[in-house]
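1. Here is my input; please provide its structure:
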Amino acid sequence: MATNEPLWAPTARGPQRVAAATIAAALTPATWARLSVGEGSKGPRVYDRARARLARRPTPGRAHRLLVRRSLADPTDLAYYVVFAPAGTRWAVEEGFAIAKGAVGLDHYAVRRWEAGICIARWRSWRKPS
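-> Residues are numbered from 1 along each chain as shown. A predicted model of the protein is given here:
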């Protein structure tokens, strides 16, 4: 998402729309954690990550968060994601994508857009055998 994307965040004056970059700039050093996101073609992919609570309607067992990924090589290189899910859900989703890519023969290709794999998987499931 864009650095200037306005998000509802808790502030001293109550919930307000604040740019993602502004929320990230307010994160303390203790908020950041170094995490591996798996093996890449050039070795392990390791980033610093932090999250900040967003001001949205509460849902039991879930929360809206701004997830910020920071490059180790260039700490000014930040990526922003809004997440809404219970802990551990991401891996189930990743596993589902891997299975879908394998089902349509895309497991040997670097698919950058999930829509392509999903559309092909749906098309194959709707096709009648000849």
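2. Could you check the top strand by length along the chain and say which residues are buried?
-> Longest strand in the chain by number of residues (criterion: DSSP state E): strand 43-53. For strand 43-53, a neighbour-count test (16 or more other CB atoms under 10 Å) marks 47-52 as buried. Bear in mind the C-beta positions are built from the backbone N, C-alpha and C, glycine included.
3. How many residues are close by Leu7?
-> Using other CB atoms under 10 Å, Leu7 has 20 neighbouring residues.
4. In three-state terms, label it for me.
-> Here Leu7 takes the strand state, with states given by DSSP: H, G, I helix; E, B strand; the rest coil.
5. how far away is it from Thr76?
-> 20 Å (CB to CB, to the nearest Å).
6. I'd like to know how many residues surround the closest residue to Ala24 other than its chain neighbours.
-> Distance criterion CB to CB, 6 or more residues apart in numbering; nearest residue to Ala24, sequence neighbours excluded, is Val68 at 4.6 Å. When neighbours are defined as other CB under 10 Å, Val68 has 23 of them.
7. could I get the helix or strand encompassing Val68 in PDB with only the CA atoms?
-> Per DSSP states H and E, Val68 falls inside strand 64-70. Extracted C-alpha coordinates of strand 64-70, given in PDB (Å, rounded to 0.1, in the frame of the first residue of the first chain):
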ATOM      1  CA  HIS A  64      -6.800  -4.800  12.400                       C
ATOM      2  CA  ARG A  65      -3.000  -4.000  12.300                       C
ATOM      3  CA  LEU A  66      -0.600  -2.100  10.100                       C
ATOM      4  CA  LEU A  67       2.300  -4.500   9.400                       C
ATOM      5  CA  VAL A  68       5.500  -2.700   8.400                       C
ATOM      6  CA  ARG A  69       8.400  -4.500   6.700                       C
ATOM      7  CA  ARG A  70      11.800  -2.900   6.800                       C
END
